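S.K.: A predicted structure for the sequence below; I have some questions about it.
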Protein chains: 2
Amino acid sequence: MKQTNSGIYAGRGERALLVEIRKRAARFSGGGLRLGIGDDCALLAPRPGEEVAVTTDLSIAGHHFRLDWHPPEAVGHRALARGLSDLAAMGARPVAAFLSLGLPRELTIASGRRRSWVQRFLDGLLALAEAHNTPLAGGDLAESPIVVADIVLVGAVPRGRALLRSGARPGDLLYATGALGGAAAGLARLAELAQAQPGPNPPIIPNKLKAMLTPHLYPQPRIRQGLWLQRRGMASAALDLSDGLSTDLAHLCEESGVAAEVDAALLPIHPAATLPQALHGGEDYELLFTAPVSARLPRSIAGVPVTRIGRILKARAGQPAITLLTPQGPQPLIPHGWEHFC
Amino acid sequence: MKQTNSGIYAGRGERALLVEIRKRAARFSGGGLRLGIGDDCALLAPRPGEEVAVTTDLSIAGHHFRLDWHPPEAVGHRALARGLSDLAAMGARPVAAFLSLGLPRELTIASGRRRSWVQRFLDGLLALAEAHNTPLAGGDLAESPIVVADIVLVGAVPRGRALLRSGARPGDLLYATGALGGAAAGLARLAELAQAQPGPNPPIIPNKLKAMLTPHLYPQPRIRQGLWLQRRGMASAALDLSDGLSTDLAHLCEESGVAAEVDAALLPIHPAATLPQALHGGEDYELLFTAPVSARLPRSIAGVPVTRIGRILKARAGQPAITLLTPQGPQPLIPHGWEHFC
C-alpha cells in the first residue's frame, strides 16, 4: 500500500487513513512478510520448496453486501474470509493479505467518539487477519461513489501438494466440513430485520438472534482443515462452498471430468436452515472435498465436523452431472447458485 | 479467476465473458505460472532464492479514467501499466497478473461486428501483458454500477536485491529515466479533444495527435530498466513516477530520511510539456532512482535515456525536503501531486 494519485488523499483526514492502516497493519507481521506497507510493492519470502497461491475477491456494495444491512465489521470480516477460504481450499497457509479499497469520503469520517465506517470495516478485517496470522501487507486506496473492496490473499503450499479442483476420480467419496445452509438462513433473517427497521444503517440485532446471524456475518474460513488435508495428502480434490453446494460441486465435476451423487439424508444441514438452503445457499465457506475410499478420515478436523455426503461417479453423456438421492428416489441436482441482493 | 457468486453470471452473455477471458489468458503463460484460471487460487513457482513482490492498483471510472475520454484499450493498458511499473520500481521480473473487474452489464455486450467495451479493455490489457511476458493468472468478475478494475501484479526478485525507497544516502545522485511531463501534456490535450466532441464515447483522435497522446494513453512501464539496475546493484533507492516528480521524490526522501535537490536545467522535459507538468504531472511511469557518485551509469538503458537531475542531501530540521535549483536561485519544491479528473 502506498500513496497513490487518487482523490481520497486530497484532505488531511484521508491521508490520516493511510497512516492509520499502516500503523495498525504493522502491529503484527506473519512469518513470510519481508517488507509491508510503504514501498512500491510488498516483499514476501516463501520457504524453500513452496509454491505461491494467489486469489482475488471483489466485494461491491449492493451486490456482495449492503450498507443498510451489514455492520461494517461484518463487511470487513466477510471480504477477508472469502479470500482466506480460497487459500483453505488449496491447502495453503496464509502469508499476506492486500486490500484495494474504494469508498465515499463520508465513510472515512469519524465523529467524536463514533468510529468511522472504514475504521469499523478495518476492525472486522484485521481481527480475522490476526486470528489467521495473516499480515495486511499492502493495497491501494481511492475515493469511489460506491464501496468496492478487492481482497488479495497470498499463501504458500509445498510444491505439488496443493488441493486442486481437478483431482476427483470415480469411486472417491465426497465430504463437507461443518454445516450447510447456515449462511443463507442467517441472510434471510437479516433481510427480515432490515425490512422491519428501514433506514440507511444496518438494523440493530437483538442478542437472541446474534448466534443465528453469525454464519452469514462472520463465517470462519477453514484454513486449519485445508492444511490438515494437504499435509496428510488425504483429499483428491477440494474447493470451498462459496456459491452453494449444487454450483460448487458442478465446478468440481467439470474440472475433474466426473459426475457426482449426493445423498440428501447425509447432508449436515445447519439447524436453522432448510434443505434448499443447504443445497443452493452460498457463502458457508465450508470445504467440499473428495478422498479415495481407502482414506481414513476422522469425524472432525481441528474441532470442525467432517461428513461424508456422497460419492464421485463416471461422467456419462446425456446423464446429469449431479444426482440427488432423496426418499422419493434419485433426481438431477441442477446448479442453482446464490443470487445475492440484486 | 473463478466463477463467483456475483450477478454478472446470471446471464449467458456474462458467463461467456469468463470463458473468453480464460481462453485468451491461456494463449501464453510465463515461466513461473504453474496453475492459472479455473481453480480457487492460481499457483506460482518463484525460482529458488527469489522473494515475491506484490502490488495492487485500483482504477475507478471518473477518478483514474473517464469512459467519455479514454478508449477502452487505453483503460486496460493503463490499469496494467500501473502495476507493472510498481514491479519495475522494485527491480522485479513480472510473474503473473490478476484482474478484479466490476462493470455494468451493458459494457459486456458486443453488437454485430462491434466488440464490447470489455473486449476492447482486454485487448489493451493483454497486449501489454504479452509484451512483458506476464500471464493473466486469475482475478474476479462482478457486476457494478461503475467500472472498477483492481490490478494485482506478482513479481520475483533475488532475495535481498529489491530496489527499495528507503536506501538513498546523502551524496547520492538522483536520476530519472525517459522524459517527464508527457503524460500530463497528453491528458491536457485529450481533455480539450473531449470537450470539443462532447458525448458518452471517447473523442476521435486525429492521426497527427496520436503520438502526443501516447505517453498518457499508453505509458511504457520500465521493467527492463528496473531489472538492469537491480542486476547490477547500481541503484541505492528507486520508485516509479506515478504521482509526479515533486510528490514521488518527497516519498523517497521520507522513506530514506534524507532531503534532495533538483536542478531544473537538467530535467528531461518532454517536448510537449511545460516545466510545471514535468515537476508535478503524474503518470509518466518513469523510474526515479538514486545511485552513489561512484556508480557509472550509461546514458541509456535498454533504449531509454537516463538523466541525472539532482542529488540527495542530509535532511535538516526546518529546511525544505526538496529544493529546486532555478536560474532565479534555489526555491523549495512543494509536493503538488496529480489531481485527476474530479
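M.R.: Arrived safely. Numbering: from 1, shown residues only, chains lettered A, B, ... in the order given.
S.K.: report the central residue of chain A.
M.R.: Geometric centre of chain A, nearest residue: A:Arg82, 2.3 Å, by CA atoms, centre = their mean.
S.K.: and that one, that's in a strand?
M.R.: No - with DSSP: H, G, I helix; E, B strand; the rest coil as the criterion, A:Arg82 is located in helix rather than a strand.
S.K.: and it, how close does it get to A:Ala176?
M.R.: With the distance defined as CB to CB, to the nearest Å, A:Arg82 ends up 18 Å from A:Ala176. All C-beta atoms are positioned from the backbone trio N, CA, C, and that covers glycine.
S.K.: cool, and A:Ala42?
M.R.: Counting by CB to CB, the gap from A:Ala42 to A:Ala176 is 34 Å.
S.K.: looking at the two, which is more packed in?
M.R.: For A:Ala42 against A:Ala176, the residue with the higher neighbour count under other CB atoms under 10 Å in any protein chain shown is A:Ala42, and the figures read 29 against 26.
S.K.: contacts only, for the more buried one.
M.R.: Counting by CB atoms under 8 Å, 6 or more residues apart in numbering or on different chains, A:Ala42 touches A:33, A:35-36, A:96, A:98, A:137-138, B:53-55.
S.K.: okay, and which of these map to helices?
M.R.: Judged by DSSP state H, helices contain none of the contacts of A:Ala42.
S.K.: redo these as JSON lines? Include pLDDT.
M.R.: JSON lines is the format used below for the contacts of A:Ala42 (pLDDT from 0 to 100):
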{"residue": "A:Leu33", "pLDDT": "89"}
{"residue": "A:Leu35", "pLDDT": "90"}
{"residue": "A:Gly36", "pLDDT": "88"}
{"residue": "A:Ala96", "pLDDT": "96"}
{"residue": "A:Phe98", "pLDDT": "97"}
{"residue": "A:Ala137", "pLDDT": "94"}
{"residue": "A:Gly138", "pLDDT": "93"}
{"residue": "B:Ala53", "pLDDT": "97"}
{"residue": "B:Val54", "pLDDT": "97"}
{"residue": "B:Thr55", "pLDDT": "97"}
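S.K.: ok, the closest residue in space to the residue nearest to the centre of chain A that isn't next to it in sequence - contacts?
M.R.: Ranked by CB to CB, 6 or more residues apart in numbering or on different chains and with sequence neighbours excluded, the top spatial neighbour of A:Arg82 is A:Asp57, at 4.1 Å. Taking CB under 8 Å, 6+ apart as the contact definition, A:Asp57 lies against A:79, A:82-83, A:86, A:150-151, A:153, B:4, B:100, B:140.
S.K.: re earlier: surely the residue nearest to the centre of chain A touches A:Ser59?
M.R.: Yes - counting by CB atoms under 8 Å, a contact exists between A:Arg82 and A:Ser59, whose distance comes to 7.2 Å.
S.K.: residues shared between the contacts of these two?
M.R.: Common contacts of A:Arg82 and A:Ser59 (CB under 8 Å, 6+ apart): A:Ile151.
S.K.: so what's the residue count around A:Asp40?
M.R.: Neighbour count of A:Asp40, defined by other CB under 10 Å: 28.
S.K.: likewise for A:Leu229?
M.R.: Each residue near A:Leu229 was counted by other CB under 10 Å, and the total is 27.
S.K.: gap between it and A:Pro158?
M.R.: Using CB to CB, A:Leu229 is found at 13 Å from A:Pro158.
S.K.: how about A:Ser236?
M.R.: Following CB to CB, the distance that separates A:Ser236 from A:Pro158 is 17 Å.
S.K.: ditto for A:Ala26
M.R.: In this structure, A:Ala26 lies at 29 Å from A:Pro158, with CB to CB as the measure.
S.K.: hmm, back to that, more neighbours, A:Ser236 and A:Pro158?
M.R.: Taking A:Ser236 and A:Pro158 together and counting by other CB under 10 Å, A:Ser236 has the greater number of neighbours (22 against 17).
S.K.: A:Ser294 is in contact with the more buried one, correct?
M.R.: No - in this structure, A:Ser236 sits apart from A:Ser294 without contact. The criterion is CB under 8 Å, and the distance is 10.9 Å.
S.K.: and chain A, what are its domains?
M.R.: A:7-158, A:165-205+A:212-332 (automatic domain parsing).
S.K.: which stretch in the ones you listed has the least confidence?
M.R.: Ranked by mean pLDDT, the domains of chain A end with domain A:7-158 at the bottom, a mean of 91.
S.K.: phi, psi of A:Leu287?
M.R.: Geometry field for A:Leu287 lists phi and psi as phi -90, psi 140, criterion degrees, to the nearest 10.
S.K.: wait, it touches A:Asp240, no?
M.R.: Yes - A:Leu287 lies in contact with A:Asp240 (CB under 8 Å); the separation is 5.8 Å.
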